[in-house]
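Engineer: next input, structure requested:
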Amino acid sequence: MEHISKAQIKFIRSLQQKKYRDESGLFVAEGEKCIEELRRGFTLHSLYREGENATHTEIEQMSSLRTPQGVIGVFEKATQPPKGQETALWADRQNIILVLDGIQDPGNLGTIIRTCDWFGVHDIFCSPDTADCYNPKVVQATMGALARVHMHSTNLEEWLRNITDPSVPIYGTLLDGRNMYEVLQSEGRSYSEAVLQQSGHAVIIMGNEGNGISQPVRRYITHPLYIPAYTDQGQIKETSDVVESLNVGVATAIVLAEFRRRLLF
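Structural biologist: Model (predicted):
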């Protein structure tokens, strides 16, 4: 196995920047487990392992981690589907689709992708201003789940507008939404069966960490949801008494867990 060159080290370091990932169509992952999981869904371009074709110092120079894990893989990015064909990816199967509107923190995005993998959500549609899913911090946070969750960057307004089936419910988490637990409990199993019989799909929108779901996207929501906050006595707090919102990664996990519990997709 040929030893890594200085030019290759410089190139791999450059892949920490989106500009060079876009130009090359490549991204970086670190650690045995993450790399092995990604090999299930991505083409491995090159692999550098400490003691084989790179030294400890060279791995450190290429790594984006505080504590390098001794192995670095360079992968080819997934190809985006042709414009206008995004909905065909989920038109023929029962599915929950997650939509991310302006998620900017790479750690949050990575956590969300990993959470979707856990709850069997296979497609995430992101606004162009959402963090790059190939950012090294995102890739590491997914722990390989990126190989099983398909990421689509698109104009959300256009994509939502093109959902022509009126039976597809579009949920969104809003501070002025309805109590999520009450909504899904009242709709219950009969609602689940009805969705399966008609469209077989549900769309869930999660918004930006600071500003929530943008106004242009918000108008497509048919079922506004709110995750209630509780006092230490177990009483639901008034919205006006809630100082901060939940972290979007945590909120996504709560919502998906409740959907999987209530709705039998």
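Engineer: can you map out the helices along the stretch 151-265 of the chain?
Structural biologist: Taking DSSP state H, counting those that start in this stretch as the criterion, the stretch 151-265 of the chain carries its helices at 156-161, 180-198, 215-218, 248-262.
Engineer: by mean pLDDT, show me the worst of those.
Structural biologist: The weakest mean pLDDT among the helices of the stretch 151-265 of the chain belongs to helix 180-198, with a mean of 59.
Engineer: quick one: G120 and F259 touch, right?
Structural biologist: No: with contact taken as CB atoms under 8 Å, G120 and F259 are classed as non-touching, separated by 10.4 Å. Where C-beta positions appear, they are placed from N, C-alpha and C, glycine not excepted.
Engineer: name the residues contacting each of the two.
Structural biologist: Listed as contacting both G120 and F259 by CB atoms under 8 Å, 6 or more residues apart in numbering are I96.
Engineer: ok, these two, which is more surrounded?
Structural biologist: Taking other CB atoms under 10 Å, G120 and F259 do not tie; F259 has more neighbours (21 against 13).
Engineer: separation between the more buried one and M151?
Structural biologist: Counting by CB to CB, to the nearest Å, the gap from F259 to M151 is 20 Å.
Engineer: what does D176 give?
Structural biologist: D176 is 29 Å from M151, where distance means CB to CB.
Engineer: of those two, which one has the most company?
Structural biologist: More neighbours surround M151 than the other of D176 and M151, with 21 against 7 (other CB under 10 Å).
Engineer: residues near the closest residue to that one other than its chain neighbours, how many?
Structural biologist: In this structure, M151 finds its nearest non-sequential neighbour in C133, 4.6 Å apart by CB to CB, 6 or more residues apart in numbering. Residues contacting C133 under the criterion other CB under 10 Å number 24.
Engineer: lowest-pLDDT helix or strand in the chain?
Structural biologist: Ranked by mean pLDDT, DSSP states H and E, the weakest helix or strand in the chain is helix 180-198, scoring a mean of 59.
Engineer: can you get me the start-to-end distance on stretch 43-57?
Structural biologist: Terminal residues of stretch 43-57 are spaced 26 Å apart (CA to CA, to the nearest Å).
Engineer: what pLDDT, on average, does that stretch get?
Structural biologist: 96.
Engineer: buried residues, stretch 148-163. List them.
Structural biologist: Of all the residues in stretch 148-163, those buried under the rule 16 or more other CB atoms under 10 Å are R148, V149, H150, M151, H152, S153, T154, L156, W159, L160.
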